[in-house]
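only geometry, no sequence info:
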């Protein structure tokens, strides 16, 4: 049986948000701004988290992987490095059908990081 280490302490130099990614996104949007994208992400974030919870409740590792992958993809666009790192770990746990470890990650680090990300995005949105 494989042992997994839950990443409850992400590297300190890994920021919640990558400012360069956000600046690149602003440039790509050419004046349209990114507030609408931040708003969309913040509206969808609870749905992503609920989908992860449902996958755990049904003990479905494939659904868990897919949900983690979707959250990772959306988070990558906004430069949410810490949340992306947690999603990568969650994908690994789902592939290994390590649902108990995945549950610890979701109930602990992922919830905390998603709240910190929400706060950071709301601040950026209001700048």
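Arrived safely. Quick caveat: nothing in here was measured; it's all calculated off a predicted structure. Residues are numbered from 1 along each chain as shown.

in this structure, which residue is closest to the centre?
residue 83 (3.7 Å; CA atoms, centre = their mean).

For that one, give me its contacts.
Residue 83 sits next to 16, 71-72, 75, 110, 113-114, 117 when contact means CB atoms under 8 Å, 6 or more residues apart in numbering. Backbone N, C-alpha and C define where each C-beta goes, glycine included.

can you rerun that using 7 Å?
Listed by CB atoms under 7 Å, 6 or more residues apart in numbering, the contact set of residue 83 reads 75, 113-114, 117.

can you give me the helices for this protein?
Applying DSSP state H to the chain gives helices spanning 19-29, 35-57, 61-77, 81-95, 99-105, 111-125.

what distance separates the fourth one from the centre of its chain?
Its chain's C-alpha centre and that of helix 81-95 lie 8 Å apart, by CA atoms, centre = their mean, to the nearest Å.

how much space between residue 27 and residue 34?
10 Å (CB to CB, to the nearest Å).

who has more neighbours, the two?
residue 34 (19 against 9; other CB atoms under 10 Å).

Contacts only, for that one.
For residue 34, the contacting residues are 22, 25-26, by CB under 7 Å, 6+ apart.

Ignoring the adjacent residues along the chain, who's closest to residue 97?
residue 61 (4.5 Å; CB to CB, 6 or more residues apart in numbering).

The one you found reaches residue 98, doesn't it?
No: using CB atoms under 7 Å, residue 61 makes no contact with residue 98, being 8.2 Å away.

and those two? which has more neighbours close in?
residue 98 (21 against 18).

Model confidence at that one, what's the number?
Here the pLDDT value assigned to residue 98 is 97.

how about it, phi and psi?
The phi/psi pair for residue 98 (degrees, to the nearest 10) reads phi -90, psi 70.

who's in contact with residue 107?
With CB under 7 Å, 6+ apart, residue 107 has no contacts at all.
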